[in-house]
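K.L.:
Next one to model:
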Amino acid sequence: MCPPEDLTQINEALRPEFEKLRSKVIFISGATGFIGKNILESILWINEKNNLDLKIFAISRDPKSFFSKYPHFQMHACFELFKADIRDEIDSLPVEKIDFVIHAATDVVRQKNLIDILGACVDGTNNILSFAGKRGCQSFLLLSSGAVYGNSPVSADGLEESQCGGVDLQSSKSAYALGKQLSEWITYQSRADLMQVKVARCFAFVGPYLPLDQHFAIGNFIKSSLLDEDIEIKGDGTPLRTYLYTSDLCVWLLKILVNGLPDTVLNVGGDQVFSIEELAYLVKEVVNPNIQVKVHQPPNGISDRYIPNINKIASEMDLRPTIQLREAISKTVNWNMKYAHIK
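P.N.:
A predicted model of the protein is given here:
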């Protein structure tokens, strides 16, 4: 489970939202993913600590496997996980009413076929929106991605929500970005007087449940450090990134869900900029100073900046990062050593 100190922080930050959440029904797609598990655990914690009388529904292709791996989620009477796939019609699920929906499902890790990635975004969003609308949803939060900005020029202040992304339609790498753009478009076309829609463009995160063996650089670096292996950077180490810790992420997303303005789109990400090489050295310093960082390519002069401008969410919702990256790495390492049995 998430560290109790994280859940306590989330609980206190969300205290002003308790009455708006009381006795509501929340539906989560993607609840078994990295972000989804953090959101789900946060909601379960605040519900039980404050007697909010929440009901939480979610879907998974394989609930049995999920509960086998994460049995603590099965201990909550307020939570029900249905077997379903977002790419299929889900109107037959035995849920009569929904107040809030968090659509967090786009499995880019499992999906290998590019058309499947696109289909999961488009068909999944259509199905969840249809399901939400027929059950009286008040607020629909789409978890989109900073990938929607495509090849937009990035200023020193980062990507702003007003920028329109340019996706290379000839590149196979564009499937996810294009899918997220289409998901946003579909979501905005589906808004109604009784259902507000909000979009969170998510960037890079670190914290509990982060996969350490997939396409997340910071996860790979942490795993190598824990296993006493050198950190290998296959590229030139110059791409720039920011990271937001998961406790901040959960607070931000739930506040957007409950209090976000109708039709709002907000960047969700960190504000400390690191190159991939700098990130590797920071992980080495925090986790295992005895290993080496090896960069395999010389700088190629191409600027790769995946950096959000988070001024809008700061001004519109008074939200700012509270956990700095050094602490976030340390907390993530401690969680993995305790619960993932690494090292």
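K.L.:
Tell me the buried residues in the helix or strand where S130 lies?
P.N.:
In the assignment (DSSP states H and E), S130 maps to helix 114-134. Residues 116-118, 120-129, 131-133 are the ones in helix 114-134 that count as buried (16 or more other CB atoms under 10 Å). Bear in mind the C-beta positions are built from the backbone N, C-alpha and C, glycine included.
K.L.:
again with stretch 249-268
P.N.:
249-258, 260, 264-268.
K.L.:
try stretch 328-343
P.N.:
Within stretch 328-343, the residues that qualify as buried are 328-329, 331-333, 335-336, counting by 16+ other CB under 10 Å.
K.L.:
now stretch 169-178
P.N.:
Buried positions in stretch 169-178, judged by neighbour count with 16+ other CB under 10 Å: 174-178.
K.L.:
picking up where we left off before, which of the buried residues of stretch 328-343 fall in strands?
P.N.:
Using DSSP state E, no member of the buried residues of stretch 328-343 falls in strands.
K.L.:
ok, of those residues, which one's closest to D157?
P.N.:
Closest to D157 out of the buried residues of stretch 328-343 is A328 (22.0 Å), distances taken as CB to CB.
K.L.:
Quick one: the helices in the stretch 51-200 of the chain, in order.
P.N.:
63-69, 114-134, 175-189 (DSSP state H, counting those that start in this stretch).
K.L.:
Residue ranges in the chain under the pLDDT threshold?
P.N.:
Along the chain, segments meeting pLDDT under 70 span 107-112, 152, 193, 341-343.
K.L.:
does K294 sit in a helix or strand, and which one?
P.N.:
Element membership for K294, per DSSP H and E: strand 293-295.
K.L.:
Same question for E232.
P.N.:
strand 231-233.
K.L.:
sorry, back to before: name the nearest of the buried residues of stretch 328-343 relative to N309.
P.N.:
A328 (20.0 Å).
K.L.:
Once you drop chain neighbours, what's closest to that closest one?
P.N.:
Y245 (3.9 Å; CB to CB, 6 or more residues apart in numbering).
K.L.:
Can you report how many residues neighbour the one you found?
P.N.:
Y245 has 24 neighbours, counted by other CB atoms under 10 Å.
K.L.:
List the contacts of the helix or strand that I222 is a member of.
P.N.:
Under the criterion of DSSP H and E, I222 resides in helix 217-226. Residues outside helix 217-226 that contact it (CB atoms under 8 Å, 6 or more residues apart in numbering): 204, 206, 210-213, 230-232, 241, 243, 276, 279-280, 283-284, 287-288, 291, 329, 332-333, 336-337, 342-343.
K.L.:
buried residues in that helix?
P.N.:
For helix 217-226, the neighbour count (16+ other CB under 10 Å) marks 217-226 as buried.
K.L.:
returning to what we had before: which elements pack onto the helix or strand that the strand holding E232 is followed by?
P.N.:
The first helix or strand that comes after strand 231-233 along the chain, using DSSP H and E, is strand 240-241. Applying 3 or more CB pairs under 8 Å, 6 or more residues apart in numbering; DSSP states H and E, we find strand 240-241 packed against strand 274-275, helix 276-287, strand 305-306.
K.L.:
Mind checking those for the one nearest to I39?
P.N.:
Among the helices and strands packed on strand 240-241, strand 305-306 sits nearest to I39 (CB to CB), with 22.2 Å.
K.L.:
now that closest one: how far from the chain's centre is it?
P.N.:
17 Å (CA atoms, centre = their mean, to the nearest Å).
K.L.:
Look up how far K223 lies from A340.
P.N.:
Distance, A340 to K223, by CB to CB, to the nearest Å: 9 Å.
K.L.:
okay, and the common contacts of those two?
P.N.:
With CB under 8 Å, 6+ apart as the test, A340 and K223 both reach L212.
K.L.:
Just want the angle from the helix holding I222 to helix 276-287.
P.N.:
Angle, helix 217-226 to helix 276-287, by axes from the mean of the first three to the mean of the last three CA atoms, to 10 degrees: 40 degrees.
K.L.:
distance between helix 217-226 and the chain's centre?
P.N.:
Remark: helix 217-226 is offset 19 Å from the chain centroid, using CA atoms, centre = their mean.
K.L.:
part of a helix, is G36?
P.N.:
Yes: counting by DSSP: H, G, I helix; E, B strand; the rest coil, G36 is found in a helix.
K.L.:
how many other residues sit next to it?
P.N.:
20.
K.L.:
Compute the number of surrounding residues for the residue lying closest to D236 once chain neighbours are set aside.
P.N.:
Of all residues not flanking D236 in the chain, Q297 sits nearest, at 4.3 Å (CB to CB, 6+ apart). Residues near Q297, counting by other CB under 10 Å, number 11.
K.L.:
again, but for I291
P.N.:
19.
K.L.:
tell me the phi and psi of it?
P.N.:
phi -90, psi 170 (degrees, to the nearest 10).
K.L.:
mind checking how far it is from D213?
P.N.:
Relative to D213, and taking CB to CB, I291 is found at 17 Å.
K.L.:
picking up where we left off before, quick one: which of the buried residues of stretch 328-343 is nearest I313?
P.N.:
Distances from I313 to these, taken as CB to CB, are shortest for A328 (18.1 Å).
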